[in-house]
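K.L.:
okay, predicted coordinates and the sequence, questions at the end:
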Amino acid sequence: MAPAISISLNDSSDVTDFVIKQGHGVKGLSEMGIKSLPEQYIQPLEERLMTRIEPQESIPVIDMSKWGDAQVANSICDAAEKWGFFQVVNHGVPLQVLDDVKKATYGFFGLPAAEKIKYSKENSSSNNVRFGTSFTPQVEKALEWKDYLSLFYVSDEEAAALWPPVCKDQILEYMKSSKFLIDHLLQVLMKRLNVNQIDETKQSLLTGSVRTNINYYPICPNPELTVGVGRHSDVSTLTVLLQDNVGGLYVRGKEGEDSWIHVPPINGAIVINIGDALQIMSNGRYRSVEHRVTANGSSNRISVPIFVNPRPQDMIGPLPETLANGEKPIYKQVLYSDYVKHFFRKAHDGKNTVDFAKITT
Ligand SMILES: CC(C)(COP(=O)(O)OP(=O)(O)OC[C@H]1O[C@@H](n2cnc3c(N)ncnc32)[C@H](O)[C@@H]1OP(=O)(O)O)[C@@H](O)C(=O)NCCC(=O)NCCSC(=O)/C=C/c1ccc(O)cc1
Ligand SMILES: O=C(O)CCC(=O)C(=O)O
Ligand SMILES: [Fe+2]
């Protein structure tokens, strides 16, 4: 526990100054021992409530120990079509690597605010490294109870120069040891789309850029009034998500219904979810599903998503193979960086991002 900070926050501009400008984040607020949630974190009622949590439903847990098995491949593709989410166990990423990256995440967020603020949008020497809080505070009606560090990978050399030393090696190791899993999943998913060979161009389109975030959700004084992360779908091809044992990630059960399924923490498991880019490239066959994270009143929570993406300069649209049998394209070609900028420039609004790429007639 960090030492109590003796400061009084009298109004909302004091809070913004403390959290955003000084770099204390919501972690700083939490550790001050505030007794009630500052008003800018109070979410509209419809964003807080989950009318129906489906305790009997669960997303599939897939044992990857038999990599080459047709049944394993089928479960992966079925899960990507039906749920857009699944968990994998015996995935080949060493458990020590997962443990180390979780510890390194605590290491980063445990740094003094004055250290972390060096990586903020205003102070960071590169757009590829960003420490922040909430999602896009400038445009959100209500803020989210989350601090993050986002790292866009360019090269080991750049990471050595720019990434925080306290977590750099562990994050790079996690990214590198997930590569086999990512490539295998994509190979299997592509096969069902009649893409039998992932050549260099496709490999780059599917995995050409990688961004890893480390997320910190501190204990919240009024968890029922706010969210950790609001409803969104990821804009990635796919996301490899490591969560700790606290829980709080919920996935939309049925489109258009307020029905949510918890993703229970499983020791050693990794969560995989399909992102918008793969929904678009598969012409809607694989689903990028809305998800959200609740705030927690008694435990700090961390998570570490690796977003595997096209490159910013890539045009993305339905793959020709998905349209070969005469299927009508439902998405147009869009420049991936335009898509991502569209996502980051607005507040979280559920599945609406993908409309940006929809063909409207
Ligand atoms: C468009 C990018 C992200 C930035 O390009 P840029 O040339 O450096 O452009 P800008 O620096 O002008 O950034 C465009 C806008 O996006 C914002 N942005 C730029 N990265 C960021 C950033 N990590 N964070 C939050 N704003 C940012 C940035 O602040 C800026 O907003 P604004 O200043 O209002 O114009 C470009 O690097 C790119 O296309 N990257 C492709 C790979 C990529 O990053 N894909 C995103 C995967 S992330 C994902 O799936 C989900 C993330 C997520 C995250 C949080 C959640 O709560 C939920 C989900
Ligand atoms: O913290 C989590 O479990 C999920 C976070 C998330 O959805 C994201 O960063 O895109
Ligand atoms: Fe997400």
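P.N.:
Looks like it came in fine. Ligands and ions are numbered 1, 2, ... in the order given.

K.L.:
what residue in the stretch 251-361 of the chain comes nearest to ligand 2?
P.N.:
Sorted by distance to ligand 2 under C-beta to the nearest ligand atom, the residues of the stretch 251-361 of the chain start with Ser303, at 3.3 Å. Backbone N, C-alpha and C define where each C-beta goes, glycine included.

K.L.:
what helix or strand does that residue sit in?
P.N.:
Assignment of secondary structure by DSSP states H and E places Ser303 within strand 301-309.

K.L.:
strand partners of that strand, parallel vs antiparallel please.
P.N.:
strand 209-217 (antiparallel), strand 238-243 (antiparallel) (DSSP bridges).

K.L.:
where along the stretch 251-361 of the chain do the helices fall?
P.N.:
The residue ranges that make up the helices of the stretch 251-361 of the chain, judged by DSSP state H, counting those that start in this stretch, are 276-281, 320-323, 336-344.

K.L.:
now the second one: average pLDDT?
P.N.:
Mean pLDDT, computed over helix 320-323, is 96.

K.L.:
near ligand 2, which residues of the chain show up?
P.N.:
Contact residues (C-beta under 6 Å from any ligand atom) of the chain with ligand 2: Asn213, Asn215, Val229, Asp234, Leu241, Gln243, Leu249, His291, Val293, Ser303, Pro305.

K.L.:
make a markdown table out of the residues you listed and add distance to Asp11 and neighbour count.
P.N.:
What follows is the residues of the chain next to ligand 2, written out as a markdown table (distance: C-beta to C-beta, whole Å; neighbours: other C-beta atoms under 10 Å):
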| residue | distance to Asp11 | neighbour count |
| --- | --- | --- |
| Asn213 | 30 | 21 |
| Asn215 | 28 | 21 |
| Val229 | 26 | 22 |
| Asp234 | 35 | 25 |
| Leu241 | 36 | 22 |
| Gln243 | 35 | 24 |
| Leu249 | 33 | 24 |
| His291 | 33 | 25 |
| Val293 | 28 | 24 |
| Ser303 | 32 | 24 |
| Pro305 | 34 | 21 |
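
K.L.:
dump those residues into a markdown table; add pLDDT as well.
P.N.:
Written out in a markdown table, the entries for these read as follows (pLDDT from 0 to 100):
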| residue | pLDDT |
| --- | --- |
| Asn213 | 98 |
| Asn215 | 98 |
| Val229 | 96 |
| Asp234 | 97 |
| Leu241 | 98 |
| Gln243 | 98 |
| Leu249 | 97 |
| His291 | 96 |
| Val293 | 97 |
| Ser303 | 98 |
| Pro305 | 98 |
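
K.L.:
which one of those is nearest ligand 1?
P.N.:
Set against ligand 1, the nearest of those by C-beta to the nearest ligand atom is Asp234 (3.6 Å).

K.L.:
tell me the secondary structure at that closest one.
P.N.:
Look at Asp234: counting by DSSP: H, G, I helix; E, B strand; the rest coil, its state is coil.

K.L.:
is it true that it touches Glu290?
P.N.:
No - here Asp234 does not reach Glu290: they are 9.9 Å apart, not a contact under C-beta atoms under 8 Å.

K.L.:
pull stretch 149-156 out as PDB, backbone CA atoms only.
P.N.:
Extracted as PDB, the C-alpha positions of stretch 149-156 are listed here (Å, rounded to 0.1, in the frame of the first residue of the first chain):
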ATOM      1  CA  LEU A 149      -0.200   2.100 -20.100                       C
ATOM      2  CA  SER A 150      -0.400   1.400 -23.800                       C
ATOM      3  CA  LEU A 151       2.600   0.300 -25.800                       C
ATOM      4  CA  PHE A 152       2.600   0.100 -29.600                       C
ATOM      5  CA  TYR A 153       5.400  -2.300 -30.600                       C
ATOM      6  CA  VAL A 154       7.900  -1.100 -33.300                       C
ATOM      7  CA  SER A 155      11.100  -2.900 -32.500                       C
ATOM      8  CA  ASP A 156      13.100  -4.200 -29.600                       C
END
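
K.L.:
so that stretch, near ligand 1 or not?
P.N.:
Yes - applying C-beta under 6 Å from any ligand atom, one finds that stretch 149-156 is in contact with ligand 1 at Ser150, Phe152.

K.L.:
swap in stretch 328-348?
P.N.:
Yes - Stretch 328-348 reaches ligand 1 (C-beta under 6 Å from any ligand atom) through Tyr336, Ser337, Val340, Lys341, Phe344, Arg345.

K.L.:
could those be laid out in TSV, adding neighbour count, pLDDT and distance to Ile53?
P.N.:
Output for the residues of stretch 328-348 next to ligand 1, formatted as TSV (neighbours: other C-beta atoms under 10 Å; pLDDT from 0 to 100; distance: C-beta to C-beta, whole Å):
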residue	neighbour count	pLDDT	distance to Ile53
Tyr336	23	98	34
Ser337	14	97	36
Val340	21	96	31
Lys341	12	95	34
Phe344	11	91	29
Arg345	10	88	31
